[in-house]
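>>> starting from these lines, generate the structure:
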Amino acid sequence: MLPVAKRTLPVLDAFALATWRYTVGTVLFLLLLAAFEGSRALRYGGKLLPATVFGVIGFAGFNLLVWLGLAYSRPEHAAVILALQTPMTALMVWAARGQRPRPFTLGCVAVAIGGVLLVVTKGEPAAAIADLARGGALFGDVLVLLGALAWVVYTLAAGHFAGWSALRLTALTSVPGAIGIAVANYLAILAGMAAVPSVEALWSVGWQLAYFVLGSTVLGVLGFNAAVTHLGPLNAMLMLNLVPVGVFAIEAALGRSFAAIELAGAATVVLALVANNLYLRGVSASR
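Residues are numbered from 1 along each chain as shown. So this is what the prediction gives:
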């Protein structure tokens, strides 16, 4: 998703990409929901407000912030930052519910954050701060981090929708999310921050849009939710830790070169998250 998006953004701005991705994706979600669970499942049943809040934060917040950030940053940086969603979830649960993570988990979180800092600053924090001030790559990394935080908030929404299937939760929260994205796109056009793409522009990235709708949206989101159901959250998150590895491999195959400290930082993040996953799995098995 990230390498494809990076090469699509010069043609479609972040607002247009997010709008097309989730306008079509949401229609497909609703059709799937009606087909598999019936028209009654299309009703919110008194849960419109939480669905709207979490849908706008998750779908609109994640998409707009990540795509805007990626326009400044690089796919491999975004992948490493998004890998922090697992420890971010643990910290947010601690803050919101008082469930303090185990010391080993906190240690892994600290190591993972250190690895991310190595990647995004390339070991030169002073230069990175100056880059942030002038709206450079680190500015984009911060936007991606905020987008990751928005998705973490969305993943904690499940408790508000007891009795809903993963498909219903995805479909009914994507509706207000898609509306939020469209409103943001309209306001951005009025402010001169975005433009209405031409038919030629859309056609030139047609396969990319098809991938975003069918691959990263419908199959991606539903596939992950199904994986959590069948494999459990620990194993599903373990698979997500391979995302930075995949993105670095794709970018390398496309001719991108990396500084040694970027590779070291990415490896540190992945190893810290895998270690925590294995540790928690062992704790769960011993109970």
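
>>> please count neighbours and contacts with C-alpha atoms only from this point.
Fine.

>>> the strand or helix carrying R7 - contacts with which helices or strands?
Element membership of R7, judged by DSSP states H and E, is helix 2-8. Packing partners of helix 2-8 (3 or more C-alpha pairs under 8 Å, 6 or more residues apart in numbering; DSSP states H and E): helix 62-72, helix 75-82, helix 206-210, helix 243-253.

>>> in TSV, list the ones you listed along with mean pLDDT, distance to Y186 and mean neighbour count.
Formatted as TSV, the helices and strands packed on helix 2-8 follow (pLDDT from 0 to 100; distance: least, C-alpha to C-alpha, whole Å; neighbours: other C-alpha atoms under 10 Å):
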stretch	mean pLDDT	distance to Y186	mean neighbour count
helix 62-72	92	13	24
helix 75-82	86	26	27
helix 206-210	93	20	16
helix 243-253	86	32	17
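
>>> Serialize those to CSV and add fields for distance to M1.
Formatted as CSV, the helices and strands packed on helix 2-8 follow (distance: least, C-alpha to C-alpha, whole Å):
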stretch, distance to M1
helix 62-72, 11
helix 75-82, 9
helix 206-210, 9
helix 243-253, 9
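
>>> between the ones you listed, which gets nearest to Q99?
Nearest of these to Q99, taken as C-alpha to C-alpha: helix 75-82 at 22.6 Å.

>>> give the other helices and strands that the closest one contacts.
helix 2-8, helix 103-121, helix 137-155, helix 243-253.

>>> please identify the most buried of those helices.
Ranked by mean neighbour count, those are led by helix 137-155 with a mean of 23 (mean count of other C-alpha atoms under 10 Å).

>>> who are the contact partners of the closest residue to Y22 other than its chain neighbours?
Nearest residue to Y22, sequence neighbours excluded (C-alpha to C-alpha, 6 or more residues apart in numbering): A178, at 5.5 Å. The neighbourhood of A178, defined by C-alpha atoms under 8 Å, 6 or more residues apart in numbering, consists of T19, Y22, T23, T26, V56, F59, A60.

>>> which element, helix or strand, includes A178?
Going by DSSP H and E, A178 is in helix 166-190.

>>> now that helix against helix 62-72, angle please.
50 degrees (axes from the mean of the first three to the mean of the last three C-alpha atoms, to 10 degrees).

>>> with only the CA atoms kept, save whatever helix or strand comes next after helix 166-190 in PDB.
For helix 166-190, the succeeding helix or strand toward the C-terminus, using DSSP H and E, is helix 199-204. C-alpha atoms of helix 199-204 as PDB (Å, rounded to 0.1, in the frame of the first residue of the first chain):
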ATOM      1  CA  VAL A 199     -10.600  12.200 -16.000                       C
ATOM      2  CA  GLU A 200      -7.100  11.800 -17.500                       C
ATOM      3  CA  ALA A 201      -5.500  11.800 -14.100                       C
ATOM      4  CA  LEU A 202      -7.900   9.200 -12.700                       C
ATOM      5  CA  TRP A 203      -7.400   7.000 -15.800                       C
ATOM      6  CA  SER A 204      -3.600   7.200 -15.500                       C
END
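
>>> what's in contact with helix 199-204?
By C-alpha under 8 Å, 6+ apart, the list of residues contacting helix 199-204 reads V11, L12.

>>> any idea of the mean pLDDT in it?
Helix 199-204 comes out with an average pLDDT of 94.

>>> got the buried residues for it?
L202 (16 or more other C-alpha atoms under 10 Å).

>>> and the helices and strands packed on helix 75-82: which comes nearest L30?
Per C-alpha to C-alpha, nearest to L30 of the helices and strands packed on helix 75-82: helix 137-155, 18.9 Å.

>>> circling back to that earlier point, the helices and strands packed on helix 2-8: which one's closest to M92?
helix 75-82 (15.2 Å).
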